[in-house]
Structures are given as structure tokens and as C-alpha cells.
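Participant: The following comprises the amino acid sequence and a computationally predicted model.
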There are 2 protein chains.
Amino acid sequence: MRHKNTICAISTASGGAIGIIRVTGMEAIPQVERIFSAAKNKKLSAVPSHRLTFGHIGAPGEEPIDEVLVSIFRAPNSYTGEDLVEISCHGSSFILQKVLELLIDGGCRPADPGEFTQRAFLNGKMDLSQAEAVADIIASNTAANHRIAMKQMRGEFSRELLRLRERLLNLTSLLELELDFSDHEDLEFADRSQLDGIASEIEIVTSRLADSFATGNALKHGFSVAIVGSTNSGKSTLLNTLLHDDRAIVSDIHGTTRDVIEDTYSIEGTLFRFIDTAGLRHTEDVVEKMGIERSWQKIKEAQIVLFVVDSTQLENQLTTLGKEIIEDCQDKHLIVLFNKCDLIEIDAHRQFTTFFPEHEKQKTLTISAKNKSGIDNLIRALLEVAHDTANKFGDLIITNARHYAALTAALEDIRRVREGLSIKISGDFIAQDLRSCLFHLAEITGGEITTDEVLGSIFRNFCVGK
Amino acid sequence: MRHKNTICAISTASGGAIGIIRVTGMEAIPQVERIFSAAKNKKLSAVPSHRLTFGHIGAPGEEPIDEVLVSIFRAPNSYTGEDLVEISCHGSSFILQKVLELLIDGGCRPADPGEFTQRAFLNGKMDLSQAEAVADIIASNTAANHRIAMKQMRGEFSRELLRLRERLLNLTSLLELELDFSDHEDLEFADRSQLDGIASEIEIVTSRLADSFATGNALKHGFSVAIVGSTNSGKSTLLNTLLHDDRAIVSDIHGTTRDVIEDTYSIEGTLFRFIDTAGLRHTEDVVEKMGIERSWQKIKEAQIVLFVVDSTQLENQLTTLGKEIIEDCQDKHLIVLFNKCDLIEIDAHRQFTTFFPEHEKQKTLTISAKNKSGIDNLIRALLEVAHDTANKFGDLIITNARHYAALTAALEDIRRVREGLSIKISGDFIAQDLRSCLFHLAEITGGEITTDEVLGSIFRNFCVGK
């Protein structure tokens, strides 16, 4: 019933030259017609779809509030799939509020956040993952985020899911054929190795999509880069240099940084979240100790670790900390930075391999955070890691936690299917897991039943007017 | 030449669901066509005026940046009078910037502030006073401001000026008829008293318009209300009560307020600028003394003065300050407020007339700023003053300092005309003043020559994209 109302909202931010009010629903055109007068008594109800009409808006019989352009979109050829009217006013909050009031007085309801897109979904104009991409597109602040959201909105993710679904249905039909003949106990119509072959393909694709979430998340919220090393090695100076800012307090005193300081910075369209940590050393200071614990934690959580070594105390720092950090970073991208190259000239890689001959391939760079030398090389290295990570998944990258949860559940289902096939359990049980897997994939696009609760939680985070 | 370029701008504030980019000029349609692809290869160049076309925007041969709706307006039926295209994108700054970049790469120039409206003026779509009203409409934050700006934009002021101009031309032609026969020295074709009658009518209208500027200014920036009285009479408490805020520091100590504290507040769509002043008393404190001097200054500048009297010290306060304040307020709206009625019950008006029998008609009110009693009556009284002031000029109120300057100059001209007629100077001189008067009125609508400098100063304050 609620979805039958005609809704209205201001769809532009306040403060511009132009302001747009959107109205959608069965009554959208007559509602706007009531408060609109065009030249030569032209009637909005007679205007065809996709036309613009100039006129005045205001309460019937009263002074006009503004001169406006009205766009008419007739169902189903509109964003929402319903009749939709856009009123383009002068960008004054006073005017926009007045027009909204007139519409509400006439019986329109103020739209909930994302309700226009929700209607587009409910009317079959887009699936749920495409609808979610609309919010991502509006929020995207880097080229990478924008490209992923755009592909998702245009249905590339949905088509990949459709292909997965088709393979699953194929597997299911093969299995069900067998179940139909279940009287013949020993009969196995479907070739189990063929079935497992298909299931394995599904597992690979699903797993790849689920794995891409870490990257998607990094692209959306920034690749996390932990800056670690012993005290006074120049970590905070490096952070400030990378952020072009005086974000962290810098001094010659060992242990200046105690809190973990984070900030994001976009480099050539890729977002990084730099994390400056307390210097790693033995200390009795309770606060500093807590900071150091957090530093080790940040190393665990980071995708990229910059190990900053004070080149003037190279041997000491590499031997006390090096081993531990290298071990902790086995599954991440570690870059060893020999800092303070303005004070001492060294052959970084040779020095490093003297201590760690087994890590001959370790990436090392010589920099001076203070003089900003070698920083370009560091930025190249960071971008290379980010691009390699992103490219691993092509352009189909999951950025939405809801999709990740559904893919993880589907992955568990398909793994259970494969396990079932390998230990030759009854087709009944396998079919059940397959149905569950289909259900979880359908959740993403909202193809099957979608509860109001799920819709509510998805569209709550949209802006009003979209 | 500059006006021949095709220009582009983002016309919406960042942060909404929808973002609009406007392009206008000879090349507007081909420029957008270059980066736009519609379904079924539909060509924008073939789309008629006032149509909406759905499609993708992006660099030719590259991934699309967004799905957009493109509105086409063909010259002269557009806001600017030139071909104009509006691109309605998702409201992402990233997308809007990218689209703008593509347009600029193609040869469009980023629009200057107000350049779309400037073109509308240059192409004869509106006169200068209407163009100025566009900026006023966008800035208007109260019903009164909005109504005045709307009337101005719709040309009511321009039409009034046109009527003035017609009368002036009538006067001029009568005079010039006389000049044509100037050989006959003593001949006066035009009846001088008839001429003066017309000139007098012109003077009345021009003077009324010029006088309305004080009101127009008050409606735009707030009616100035000075709150004055002796120390500790409760002025700051009253300010806080009127502003629903803790704007001024309040204490029992005499002379708490030293600075002049100002704040605007909109009551029922009318803007007031409340000015709390230092209490008026004899003091040796240098800072307080300066504050008190400013208080007297503020009384001079205010349109409305609220004289706050501590009812518990009524006689003392009325006798020491009353006379001076009443005298200073002869040409403004004075309201005498008997404050602290929570502490003492008095018949305010009777008490007042005991001291000032000659000011029997003085408006007096009993209030308690602390308990907020009587404040409704005060607000009624303030609104009444504002409405009476505004209504005095009907709806034709000047709000623009440039118009005021031109009207004042025109008024001087027409007064010189009348003076000339009365002392019977030669028609030559009178005709010169009439031409000057016509010129000054024409300045307002930009009907005659308008220099780039004047245009620059007018449109500089517009927002970009309008």
C-alpha cells in the first residue's frame, strides 16, 4: 500500500543555482499540474513523455512561487518505472521548501531516503545490486570506486551472478533427474565426476568474487598502509610528507607518537589509509606500551606495511625488529624504507640482504622523509601494489558487505555440495545445499523474496531524493 | 567575442542525489553530442527543443562515466536565448567534475559567475533589473524578500520604469516642440504649468521608489531593532529571549554588556536584526563609556527602538533617560517596554503618561524578559511596524543599491527640471536635465549602453552555473 503513494523530495543539495524536486507515483502528473501553469494554458496531463514545459509554480489562485521547467516521464519509461515529474526551480531553499509544502498539502508524501531507487527496484527497473550501486556511484570519490560502482550499476555483476545461477540450475537438473529415479537405489544417472567438475567451477567463481571483497573494501575505504619501525626512525615525518600535511607531531624525542594516527589520502585516484604507529621499543611507560601493542595489531590488519629503518642505526634496528616484522608480514606487502638518507649514504638492498640473505627479493627503498627525497619511488611502489591487487580481480570487485556475506554463504553451500559428492551422500541432501546456494546468490540481486527489513536496511543509507 | 564561446558549469551544489551541468552557446549541442551516446544511436543534433534524452556520457570510445538525462533547448527558446543543454547526472562531485573536464577538453570554457544570466540579458531575454532579481531570488530566505525578488524578476519594476519613461518622453516632446520654434523668442508652446504637473507626477513616483530602498534593505538584511535602556534593565535577557538563544552574557552586575551584540532572527517570514547595547548610565570605565557612545549611535541607526525600563526603578529610569531617548526617536518606531513585571505589577501606560503627558500615543508594553511573559505582544508589535513600513510602498520595493543610486540621480534631475520650469530658464537646459533623468532610469534596466564594467560588477556576485 505504502508503495502506491505519490512521493516527493528535493533531490539537489541546497546552495546551487538550480534545485530539483522529484515527484513519482500514480498521481505525480496531476499533483504537479494542480500547482503549475504553463503558457497558453497548456495542460501537463496532455504533455507526452520526455518533454520539458516552462511555466509558473504556486498555490492555485495565488502569486507564483517561481518560474520553473517541468520534465515529464511517463510509466514505464522513467527512473522509477512509474510516472515521474521533475521540477527544476531556482536553487533557493525557500522556494524548494515552499514547492515541497504545496505538494505535501496536495496529498504527496515526503519520500524516504532512497525511495525513488527502491521503487525502481520494486518495479523491475533494476535489481538490488544495481540499486545499491546507485548509492555507491553518488558516494564514489575516486576513479577506481567510481568504475566499480558504474559497472555494478550497469549490471556486470548481476550478469556474472546470472551465469553462476545457470550453472547451478544445470547441476540441479542433472541431480534431480537422478532423484526422479530414486526407486532404483543403485542407479546414478548423473556422472558424479561431471557433477563435481561443474561444482568446482562454481566454487572457483564464487570464491574469486568473495575474495575480491578485501580489495573492494580497500578501494572504497583506502588501502591500509601501516608505517612501523623503532622510535625516532622518522615515521611521523614520513606520514606528514605522504599526507602533505602536519598531521602528526614530530620531534627528536624518542616515543613522540603514542596514539595511532590515521588519515586517508588519494594518490592518482587510488585511496590509501596511512597509519602512523608508536615506535617499537622496550619501554616501561604504560601509555607508550599500550601504543606499541596497537602498532603490532596495526601490522596484522594492514594490507601494506612500510618498515621505516633509521639508516644511521641500521644494524641495530634491523637485528632487533627486522626478523619479527618480516615474519608478521609474510602474507602482506612489506616495503623496507631506509630513511634519513640525507645523513648517510648506503646501498639499501645490499645492507638488507647482508642481514636477511633468505629475503633477497624483499622490496627496499632509500628515502629521506625530511627532505622528501625518494618519496616518488615510494608512491610508485604503493600504487603498483594497489593496482596489482585490484587487477587480480579484473573489474568485478565486490565492495558491499551484504554481497560478501551472501557470497560467503553460497561458497559454504557449494563446498558442502562438493563434499557431499565426494563422500557420495544421497542426492536429496546435495540438492538441498544447491537450493541454499541458489537462494544466497539470489539474495544479492533481490531476485527471490526480499523482506521489507532487508530493503529498509539497504535504502536507509541512501540520500533523500534518489 | 568572449560572448560567442560555448560555456559550461556545474549548476547544482555538491552533495545531492542529482547534479546538473549546463552548457550554452553556438556549439552547445555538438559539444554534448561528442561525449553522449543515446540508445539506438539517436543523435542529439536531431532532437527537437524541450526534449529529454536518456543515454551515457563519457569520452568517445572509453567506458561511460555515468547514465544521464540530457535536456535540449534550442535558441531562442532557452534561458540564455542561445542553444542550451542540461546534463542531469548522479550527484557525485567526481562524476560532475569528470563531465566538466570532458566539455572543457572539447573546447567549452568554464562559465564565469552569473554568465548564463548575463547572456540572457545580452540576448534580450530579460532586462538588467530582472537579471539582478535572479540572484536575489536564489538568495532570498524569507517570504517578503522572495516576493519582492519574484515581482522584480517577472518585470513589475521594469514596467513601472517604462511608465515613468513614457511620461518623461511625453514631457520631452512637449519641450522640444517649443525648442524647434526657438527663433520666436517669446513663444512658449508648452504650457509651463502643464509641464510642471507632469514633472511633479514623475517626481512623486521616483521619490516613492527611492524612499522604498530603506524598507527594501530592511526586508533583505533585517529591520534593525536597537534594545536600549539603563544598565541592568534586562536588555540582554530580552535579546536572548527574542533569539531563543544564549547569545549575550547575562548577569546581575550592572554594565555586563559592553560590546554591541547583533543577531538576525526571522519571525513569521520577516527578518529582524536585534542589537543589544551597553546600558546607558554615567560611568568612568573607559571601555564601558565607549560602549555607551555606541549605544546612542545605534539608536540613531535603528528603525525600531525598544526602550527597556526596569519597572522596579521606573521613576528613576524614566526621568534620567526617557526624555533623551524619546527625543532621539522622533522619526522612528519607539516601543517602551516595562520589564520585570514578574517582580512588580504596574499599569505601564498610565505610569508613562504621568511622566510624559504629551506622548499620550506612545506604544508601551509590560513584559518579563526572564519569564518570557508579554513577549508575544512585543513580537506582534514588531511585526506590525514591519508590515506597516513594507505596505506603505505596496509591492514595488527597491532592494538593490545600484537601483537606489540611479533613482536618486534621476530624482535630482527631475527636481532640477521643476526648478528650471519655476524660474523659467531656457528649454534647452531643461531638456538636458530630462535627458539625464531618462539616462539614469535606463541604467536600471540596462536599456541604453551598459559597459562591461557595470555588467562585471553586477554578475560577479552571482553563483556559477546561473
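Facilitator: The structure has been received and is ready for your questions.
Participant: in the stretch 1-150 of chain A, what spans have low per-residue confidence?
Facilitator: A:1-3 (pLDDT under 70).
Participant: can you map out the strands along it?
Facilitator: For the stretch 1-150 of chain A, the strands defined by DSSP state E, counting those that start in this stretch occupy A:7-10, A:18-24, A:36-38, A:51-57, A:66-73, A:84-90, A:109-110.
Participant: Can you lay out those strands as a markdown table showing distance to chain B and mean neighbour count?
Facilitator: Placement of C-beta: from N, CA and C, glycine included. Shown next, in a markdown table, are the strands of the stretch 1-150 of chain A (distance: least, Cβ to the nearest Cβ, whole Å; neighbours: other Cβ atoms under 10 Å in any protein chain shown):
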| stretch | distance to chain B | mean neighbour count |
| --- | --- | --- |
| strand A:7-10 | 8 | 25 |
| strand A:18-24 | 4 | 27 |
| strand A:36-38 | 11 | 18 |
| strand A:51-57 | 4 | 19 |
| strand A:66-73 | 6 | 23 |
| strand A:84-90 | 5 | 25 |
| strand A:109-110 | 14 | 14 |
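Participant: Out of those strands, flag the one nearest A:Ala278.
Facilitator: Closest to A:Ala278 of the strands of the stretch 1-150 of chain A is strand A:7-10 (Cβ to Cβ; 47.1 Å).
Participant: hang on, the earlier thing: out of the strands of the stretch 1-150 of chain A, the one nearest B:Phe274 is which?
Facilitator: Comparing those by Cβ to Cβ, strand A:84-90 comes nearest, at 29.3 Å.
Participant: who in the stretch 151-300 of chain A is up against chain B?
Facilitator: A:Met153, A:Arg154 (Cβ under 8 Å from any Cβ of the partner chain).
Participant: which regions of the stretch 151-300 of chain A sit below the pLDDT cut-off?
Facilitator: Looking at the stretch 151-300 of chain A by pLDDT under 70, you get A:179-190, A:246-260.
Participant: Spatially nearest residue to the residue in the stretch 301-450 of chain A positioned nearest to chain B (excluding sequence neighbours)?
Facilitator: For the stretch 301-450 of chain A and chain B, the shortest gap (Cβ to the nearest Cβ) falls at A:Asp395, measuring 9.1 Å. Using Cβ to Cβ, 6 or more residues apart in numbering or on different chains and skipping residues adjacent in sequence, the residue nearest A:Asp395 is A:Lys151, 5.5 Å away.
Participant: packing partners for the helix or strand containing that neighbour?
Facilitator: For A:Lys151, the host element (DSSP states H and E) is helix A:143-153. Applying 3 or more Cβ pairs under 8 Å, 6 or more residues apart in numbering or on different chains; DSSP states H and E, one finds that helix A:143-153 makes contact with helix A:128-139, helix A:192-221, strand A:270-276, helix B:93-105.
Participant: For the residue positioned nearest the centre of chain A, which three-state class applies?
Facilitator: Compute the mean C-alpha point of chain A, and by Cα atoms, centre = their mean the closest residue is A:Thr399, 3.2 Å away. Under DSSP: H, G, I helix; E, B strand; the rest coil, A:Thr399 falls in the coil class.
Participant: low-scoring stretches of the stretch 301-450 of chain A, by residue?
Facilitator: A:448-449.
Participant: Helices of that one, start to end?
Facilitator: With DSSP state H, counting those that start in this stretch as the criterion, the stretch 301-450 of chain A has helices at A:314-317, A:323-328, A:348-355, A:375-391, A:401-422, A:427-445.
Participant: Could you dump the ones you listed into TSV with distance to A:Gly465 and mean neighbour count added?
Facilitator: Listed next are those as TSV, based on distance: least, Cβ to Cβ, whole Å; neighbours: other Cβ atoms under 10 Å in any protein chain shown:
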stretch	distance to A:Gly465	mean neighbour count
helix A:314-317	55	17
helix A:323-328	47	14
helix A:348-355	54	16
helix A:375-391	32	16
helix A:401-422	23	20
helix A:427-445	24	20
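Participant: Next, format those as CSV and append distance to A:Leu171.
Facilitator: What follows is the helices of the stretch 301-450 of chain A, written out as CSV (distance: least, Cβ to Cβ, whole Å):
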stretch, distance to A:Leu171
helix A:314-317, 56
helix A:323-328, 42
helix A:348-355, 51
helix A:375-391, 30
helix A:401-422, 8
helix A:427-445, 6
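Participant: Among these, which comes closest to B:Ile137?
Facilitator: Judged by Cβ to Cβ, the one of those that comes nearest to B:Ile137 is helix A:401-422, at 43.4 Å.
Participant: Distance from the chain centre to the closest one, please.
Facilitator: From the chain centre to the centre of helix A:401-422 is a distance of 22 Å (Cα atoms, centre = their mean, to the nearest Å).
Participant: Kindly report the same for stretch A:220-236.
Facilitator: Centre to centre, stretch against its chain (Cα atoms, centre = their mean), the figure for stretch A:220-236 is 23 Å.
Participant: For that stretch, measure first residue to last.
Facilitator: Start-to-end span of stretch A:220-236 (Cα to Cα, to the nearest Å) is 25 Å.
Participant: In contact with the closest residue to A:Phe338 other than its chain neighbours, which residues?
Facilitator: Sequence neighbours aside, A:Ala348 is the residue nearest to A:Phe338 in space, at 4.2 Å (criterion: Cβ to Cβ, 6+ apart). Listed by Cβ atoms under 8 Å, 6 or more residues apart in numbering or on different chains, the contact partners of A:Ala348 are A:Ser311, A:Val336, A:Phe338, A:Thr364, A:Leu365, A:Thr366.
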